[in-house]
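Undergrad: Attaching a predicted model along with its sequence, questions to come.
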Amino acid sequence: MSWTDERVELLKKMWGEGQSASQIAKELGGVTRNAVIGKVHRLGLSNRSSGTAASDAPKSEAKAKPAPAKPKAEAKPKAKPTTEPAAPAAAARPAAMPARKAIIPAGQPLPPQPSANEISPEALAKVSEIEKKAKRLTLLELTERTCKWPVGDPATDDFWFCGLPVQAGKPYCEAHVGVAFQPMSSRRDRRR
DNA sequence: CCCTGATTCGC
DNA sequence: GCGAATCAGG
C-alpha cells in the first residue's frame, strides 16, 4: 500500500479528529500504526498531546499567523444515518431509565449512572462532542477496551455504547471518564 | 497487559 | 519516503 492522495487525506482528517494512529491504521488498512505515525511526522502534523494522557507540550508559538483562513468546505464523506439532530440534553444523558429495566448487560459492570445529578457544563459539552465521534457499538461489540458509556434509551433502537478507546484500565473513554468520575466538590449545588 | 505517540535507521 | 523496531510513557 502506498500513500495515495486519498489515503493521506483520510489520514489528515482522522488525525485532525483526534483519532489514534492505530485506529487510523485500521481504517486505512494495509498499514500499521507505525506507518501512520511515521507518515504523520513526515507530513509535519505531529502535534497532538504527546504520549498518552494529555501532557500538552508547552509549545508556545510566538508566531502570529497572518490569516491562513483554511476553512475548506468540510463535506462529510460518509454521513451515517445520524438519528441525532442535536440534542445535548438527551445525548448527554447516559442512560435514561424510564423504568429501571434490565439494562444490565450480561452481568457486566455497567457503570454507575450519574443518576439525575448535574454535571459540569464543560464536561457535558465535551461529552456531546465526543459522542459525535463515538463508534456507536452494540452491546456485543464492546470489548475490554472500548468505552462502555451508554447513550440513548435502552428501550429504543436509538441506543448504543460510546465505543471509543478507553484510556487506561478505565471503563470509559477520556470524555466519559470526565463525567463519570466527578469530584464531590465539583458538583455541589447546581441550580435546577 | 493494554494502549498511546516519538524516534531511529536500514531499506 | 517508508515503516518495523524500538523507545518512552499512561
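TA: Structure's in. What do you need?
Undergrad: Tell me which residues touch A:Trp160, please.
TA: Taking C-beta atoms under 8 Å, 6 or more residues apart in numbering, we find A:Trp160 in contact with A:134, A:136-138, A:150-152. The C-beta positions use only the backbone N, C-alpha and C, and glycine is treated the same way.
Undergrad: Equivalent analysis for A:Glu27, please.
TA: Going by C-beta under 8 Å, 6+ apart, A:Glu27 touches A:10, A:14, A:19.
Undergrad: from these, which ones fall inside helices?
TA: Using DSSP state H, the subset of those located in helices is A:10, A:14.
Undergrad: quick one: is stretch A:130-141 near DNA strand B?
TA: No: figure legend: stretch A:130-141 not in contact with DNA strand B (C-beta under 7 Å from any atom of the strand); closest approach 12.3 Å.
Undergrad: downstream neighbour of the one helix or strand in chain A whose mean pLDDT sits lowest in the secondary structure list?
TA: Ranked by mean pLDDT, DSSP states H and E, the weakest helix or strand in chain A is helix A:88-92, scoring a mean of 41. Per DSSP states H and E, the first helix or strand lying C-terminal to helix A:88-92 is helix A:121-133.
Undergrad: Now do that following helix: everything it contacts.
TA: Against helix A:121-133 from outside (C-beta under 8 Å, 6+ apart): A:17-19, A:88, A:91-92, A:151, A:162, A:164, A:173-176, A:178-179, A:182.
Undergrad: Just the buried ones from the residues you listed?
TA: Among the contacts of helix A:121-133, those classed as buried by 16 or more other C-beta atoms under 10 Å are A:19, A:91-92, A:151, A:162, A:164, A:173-176, A:178-179, A:182.
Undergrad: Max pairwise distance over those: which two?
TA: The widest separation within these, taken as C-beta to C-beta, falls between A:Gln19 and A:Gln182 and amounts to 26.4 Å.
Undergrad: just to revisit the earlier point, tell me which of the contacts of helix A:121-133 fall in strands.
TA: A:Val151 (DSSP state E).
Undergrad: Identify, from the contacts of helix A:121-133, the entry nearest to A:Leu142.
TA: Checking the contacts of helix A:121-133 against A:Leu142 with C-beta to C-beta, the nearest one is A:Cys162 at 9.4 Å.
Undergrad: Quick check, the closest one in contact with A:Glu174.
TA: No: using C-beta atoms under 8 Å as the test, A:Cys162 is too far from A:Glu174 to be in contact (10.4 Å).
Undergrad: quick revisit: show me which of the contacts of helix A:121-133 neighbour DNA strand B.
TA: A:Gln19.
Undergrad: Confirm that A:Val8 sits in a strand.
TA: No: when DSSP: H, G, I helix; E, B strand; the rest coil is applied, A:Val8 is found to be helix, with no strand at that position.
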